[in-house]
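Student: Need the 3D shape of this:
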Amino acid sequence: MGHAHPPPPPPTPPSLALKPGTAWSDAWRRCLNVAPEAFTDDRVLNLWRGSWHADGEQLPATSPVDGTAIAGPPVLDAAAARQVVSASLDQHRAWRHVPLQERRARVAAALDSLAEHRELLALLLVWEIGKPWKLAQADVDRAVDGVRWYVDNAETMLDGRTSLPGPVSNMAAWNYPMSVLVHAMLVQALAGNAVIAKAPADAGPACLTLACALAVREGLPLSLVSADGREPAEVLVRAPEIGCVSFVGGRDSGAREATAAADLGRRHIMQQEGLNCWGVWGFSDWEALACLIRKTFQYAKQRCTAYSRFVVQRSLFDDFLAVYLPAVGSVRFGHPLAVELADDPSPTSGGEAPFPTSGGEAPCPTSGGEAPSPTSGGEAPSPTSGGEAPCPTSGGEAPCPTSGGEAPSPTSGGEAPYPELDFGPLISAAKAKELADRTRDAVDRGAVPLYRGSLDVGNFLPGQDTSAYLPPTALLSPPPSSSLHHEMPFGPVDSIVLVDTEAELLTEMNAGDGALVATLSTDDRDVFDRLSPRISAFKTGHGEPRSRGDRDELFGGFGASWRGAFVGGELLVRAVTDGPSGERLPGNFPAYRLLPEDEPVQAAA
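Tutor: Numbers count the residues shown, from 1 in each chain. Now for the predicted structure:
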């Protein structure tokens, strides 16, 4: 009689190491070589009056990736901020008279330089804000490709329009330095304005510093400074020289800046967070939804258009849960540069590892190994889809054709590809702790934990600092007394709410006083057409996620998620230029709200 053999031991997890050539010290050395005017051995410089200044007090900073010490911001005080604004006004008065064709040529040259150094910009994004490699590349690509569209269409959009009376002052969140902030700065300059940007306080300034160094070499009138505290920030909003304030960030600070700008009668663009909801009502295509659920976790939901609340018809909850739990369980996270090295890796010249492009999309957990269709919605590579799409002209996984001298080399020999991750760390250990505390508080108040991930399955280096990481979590029915009931978590925490009637569905989808995007999954198109106008979101998708968008796609928000002029396409140019006398810009203003589709049609001349 045979004897049963004991089961084989579980496989030993591979030992991971930092990908060769990608250490912070490697990135810093490359910055010193590429832009020595903007970097010193241990700090970045502030950019104003067309040159770089070793002023300001440098604050300490660490990377959220693993606690590595990185360059911190050199913060200015209020007096220095006033000098920056005055100098920018001088630049503005000269730049506004530069012919459009010359402005186009200079911006185009800056884009060529950004594309040439795409890989280094992406590596800085990995270290400074924790983006996985593919998403970091996409952030650079979207900036370059998006501004090229404006360069190509500038004559039409600027016909009959003039620059503002003073420079545009930008205060942007840390999560999209290239595709939101640098993109906006270059379009503002293309439109004839000098531009000031305050580097985000929550992230390292090196990526923005390198991008601005490359741009000002082409003669663009940009200023990039760091400021800490309310007084210098108020200077950048309230100074009389400022022509427009552009803000991307949270509701509390955004409301304060919007109120200040409105009180001064100043042009303003204030994108703030909203509680973006996904409704499920009379729905049956569960396999398609499974793939989309996983994609909502990209970049740990640290973006303004992230979906963090699912409002589900109670009678469908069992079907929903059957696809939701496997999808969230398939989410991969960890150190974006931790790779399994071959036994005898091939050395690389100059300490540089190739930047392979094989790390694409993970298979949908329920689709038998097939990757989601690139046109299935969400973060797809369509040039107008927004989000974390690959380079819109690259055909998906190929390197961006505009990447020039720093194009990725193909993987060869024993060189390890970048890990395929949905997200890395949150922006800081403090944010991870704060969100973990909010999650525990919601459970203490009555929320039901449906899923709790574990850091044990993360892609981490041996012994690395993981204090900025938070695994995926899902809660059922956070009570109204919990902040997660009505606020965006800005991290990988989902809330699921059950409803029985269409009225309850709409109430729960509008719980956050306005949103940027929303989605309603329903099999009945008539139901979607009837309910979607009653959802307080600027864009509502039918069974597919919506995003910020690129090129000619418009963007704004309803309720408290947006104040001031809407943007995207020609609206971004109109927001930072003056048009005909009496023009009313589409947007949310203290005196009116005007949607683009409600604008009066101008009679032909």
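
Student: Run a quick neighbour tally on the residue lying closest to A201 once chain neighbours are set aside.
Tutor: Closest residue to A201 apart from its sequence neighbours, by C-beta to C-beta, 6 or more residues apart in numbering: D228 at 6.1 Å. For glycine as for every other residue, the C-beta is placed from the backbone atoms N, C-alpha and C. When neighbours are defined as other C-beta atoms under 10 Å, D228 has 17 of them.

Student: Quick check, D228 in contact with A61.
Tutor: No. Counting by C-beta atoms under 8 Å, D228 does not reach A61; the two are 11.8 Å apart.

Student: what touches both of the two?
Tutor: P73 (C-beta atoms under 8 Å, 6 or more residues apart in numbering).

Student: Model confidence at A447, what's the number?
Tutor: A447 is assigned 98 on the pLDDT scale.

Student: If you average the pLDDT over stretch 484-499, what comes out?
Tutor: Averaged across stretch 484-499, the pLDDT comes to 96.

Student: tell me how far the ends of that stretch are from each other?
Tutor: 17 Å (C-alpha to C-alpha, to the nearest Å).

Student: just stretch 417-427 next, same as before
Tutor: Taking C-alpha to C-alpha, stretch 417-427 runs 24 Å from one end to the other.

Student: Buried ones in it, by neighbour count?
Tutor: Buried residues in stretch 417-427, defined by neighbour count with 16 or more other C-beta atoms under 10 Å: 417-419, 421-427.

Student: And for stretch 243-252?
Tutor: Here stretch 243-252 shows 243-249, 251 as buried, counting by 16+ other C-beta under 10 Å.

Student: okay if I get these as TSV plus secondary structure and distance to V576?
Tutor: Shown next, in TSV, are those (DSSP: H, G, I helix; E, B strand; the rest coil; distance: C-beta to C-beta, whole Å):
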residue	secondary structure	distance to V576
G243	coil	8
C244	strand	6
V245	strand	11
S246	strand	8
F247	strand	13
V248	strand	14
G249	strand	18
R251	helix	23
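
Student: pLDDT value on the residue nearest to the spatial centre of the chain, please?
Tutor: The centroid of the chain falls nearest to Y176 when counting by C-alpha atoms, centre = their mean (3.5 Å). If you check Y176, the pLDDT there is 94.

Student: Excluding chain neighbours, give the residue nearest to it in space.
Tutor: Nearest non-adjacent residue to Y176, counting by C-beta to C-beta, 6+ apart: D139, 6.0 Å away.

Student: That neighbour: neighbour count?
Tutor: Residues near D139, counting by other C-beta under 10 Å, number 24.

Student: That one: what's it in contact with?
Tutor: Taking C-beta under 8 Å, 6+ apart as the definition of contact, the neighbours of D139 are 122, 125, 131, 176-179, 388.

Student: Quick check: the two most widely separated of these?
Tutor: Maximum pairwise distance among the contacts of D139 (C-beta to C-beta): 13.8 Å, between P177 and E388.

Student: Please verify my assumption that the residue nearest to the centre of the chain contacts R303.
Tutor: Yes. Contact criterion C-beta under 8 Å: Y176 and R303 qualify, at 7.2 Å.

Student: just to revisit the earlier point, want to throw the buried residues of stretch 243-252 into CSV with pLDDT and distance to M157?
Tutor: Shown next, in CSV, are the buried residues of stretch 243-252 (pLDDT from 0 to 100; distance: C-beta to C-beta, whole Å):
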residue, pLDDT, distance to M157
G243, 96, 18
C244, 96, 16
V245, 94, 21
S246, 94, 17
F247, 92, 23
V248, 90, 22
G249, 83, 27
R251, 66, 30
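
Student: any idea of the pLDDT on A201?
Tutor: A201 is assigned 85 on the pLDDT scale.

Student: With A604 instead?
Tutor: 38.

Student: Show residues contacting stretch 146-166.
Tutor: In contact with stretch 146-166 (C-beta under 8 Å, 6+ apart) are residues 89, 92, 95-96, 100, 103-104, 107-108, 111, 179, 183, 186-187, 190-193, 240-244, 267, 402, 550-552, 570, 572-574, 576-580.

Student: After the least confident helix or strand in the chain by mean pLDDT, which helix or strand is next?
Tutor: Sorting the helices and strands of the chain by mean pLDDT, DSSP states H and E puts helix 251-263 at the bottom, at a mean of 63. Scanning forward in sequence from helix 251-263 by DSSP states H and E, the next helix or strand is strand 267-272.

Student: For that next one, enumerate the helices and strands it packs against.
Tutor: strand 244-249, helix 251-263, strand 562-565 (3 or more C-beta pairs under 8 Å, 6 or more residues apart in numbering; DSSP states H and E).

Student: Indicate each strand paired with the shortest one and its parallel or antiparallel sense.
Tutor: I take that to be strand 562-565. strand 267-272 (antiparallel), strand 587-588 (antiparallel) (DSSP bridges).

Student: swap in the first one?
Tutor: In the sheet containing strand 244-249, the strands it pairs with under DSSP bridges are strand 168-171 (parallel), strand 267-272 (parallel).

Student: Contacts for that strand next, please.
Tutor: Contacts for strand 244-249 (C-beta under 8 Å, 6+ apart): 164, 166, 168-173, 180-181, 184, 188, 193, 236-237, 253-254, 257-258, 261, 266-273, 304, 575-576.
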